[in-house]
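In: The following block contains a protein sequence and its predicted model.
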Amino acid sequence: MSQKKFTNAKIVIFGASGVGKTAFAVRYITRRYIGDYDRNKEMLYTYKMTSPRDEVVTLEILDTAPECSPDDTEKNLKWADGYVMMYSVTDTPSFHEVKRFKDILFRLKGNERPMVLIANKLDLRDARAVSEAESTSLAHSLECPLFELSVADGYQGVADAMEELIVQLRRDFVKCQSAANVSSNADKPRSKLYNMKKVLKKRIGRSHSDTF
Ligand SMILES: Nc1nc2c(ncn2[C@@H]2O[C@H](COP(=O)(O)OP(=O)(O)OP(=O)(O)O)[C@@H](O)[C@H]2O)c(=O)[nH]1
């Protein structure tokens with residue numbers, strides 16, 4: 001039985017403009033926080049990392065442009081294996097935008113997808129507009145873990161969220177592999193030896209009944 005290894009995964013980061021998608025990707029890859037980026041640009045990063053199981057995995061991380069067309073949104077959702085859904089706790093419309101992405105994703109790919117929900121900019125406590133309860137309830141409806149964090153404040157929250165996503169991606173990969181193996185075994189023609197055994201069994205069975 002052929003067993004492929006978990007060596008690569010495609011991840012897409014969705015979220016409204018300004019929620020911190022680029023800051024998140026850059027923080028994960030470089031561990032650094034850089035305050036200002038080229039806004040509204042789609043970027044594809046390639047990053048080689050070692051998984052918690054010591055596998056070297058190449059990640060392609062797509063940082064989407066917020067102004068992309070519905071067609072592009074669908075294309076990106078179909079392209080990816082795993083999803084980072086992101087909003088800012090200071091920005092209620094960005095919270096609702098995640099719900100919109102969720103509806104498209106569930107329609108296209110069902111609800112059992114590797115995914116994490118990121119509530120960013122937790123450092124801006126006084127400007128918080130989305131409550132913890134609202135965040136938790138959204139995570140419930142997405143059926144995925146929630147990470148409330150500040151990309152600006154540190155690397156660890158970002159690393160924890162990505163580690164969780166990679167664990168889910170691996171699980172999904174293994175599940176798909178097992179399903180593929182089951183179906184290829186079912187399709188396999190029986191071996192010659194198996195067929196001969198079957199014929200012999202029949203003959204022996206018949207000759208026994210002939211005797212009695
Ligand atoms: N205070 C605070 N600011 C943040 C945080 N994360 C990102 N920002 C700032 O928010 C602004 C937008 O961040 P980006 O990473 O460009 O956001 P984006 O979602 O990629 O934006 P678009 O390119 O328009 O889609 C920048 O000025 C960041 O410095 C955070 O955790 N806390």
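Out: Okay, I see it.

In: C-alpha only now, for contacts and for neighbours.
Out: Fine.

In: low-scoring stretches of this protein, by residue?
Out: 1-3, 37, 40, 180-212 (pLDDT under 70).

In: Contact residues of it facing the ligand?
Out: Selection of the chain residues close to the ligand by CA under 6 Å from any ligand atom yields 17-23, 35-37, 39-41, 65-66, 120-121, 123-124, 150-152.

In: Which ones among these lie within strands?
Out: Taking DSSP state E as the definition of strands, the residues of the chain next to the ligand contribute N120.

In: Name the SS class of S141, please.
Out: helix (DSSP: H, G, I helix; E, B strand; the rest coil).

In: Please apply the same query to F173.
Out: F173 - assigned by three-state DSSP - is helix.

In: sorry, back to before: just the buried residues of the residues of the chain next to the ligand.
Out: Buried by 16 or more other CA atoms under 10 Å: 17, 19-23, 40, 65-66, 120-121, 150-152, out of the residues of the chain next to the ligand.

In: got the residue ranges for the strands in the chain?
Out: According to DSSP E, the strands that the chain contains are 8-15, 43-50, 56-63, 82-88, 115-120, 146-148.

In: For those, give me TSV that also has distance to R170.
Out: Listed next are these as TSV, based on distance: least, CA to CA, whole Å:
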stretch	distance to R170
strand 8-15	9
strand 43-50	12
strand 56-63	10
strand 82-88	10
strand 115-120	12
strand 146-148	19
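
In: nearest to A129, of those?
Out: strand 82-88 (8.8 Å; CA to CA).

In: Tell me both backbone torsions, phi and psi, for the residue lying closest to F173 once chain neighbours are set aside.
Out: Nearest residue to F173, sequence neighbours excluded (CA to CA, 6 or more residues apart in numbering): F6, at 6.9 Å. When read as degrees, to the nearest 10, the backbone of F6 gives phi -80, psi 100.
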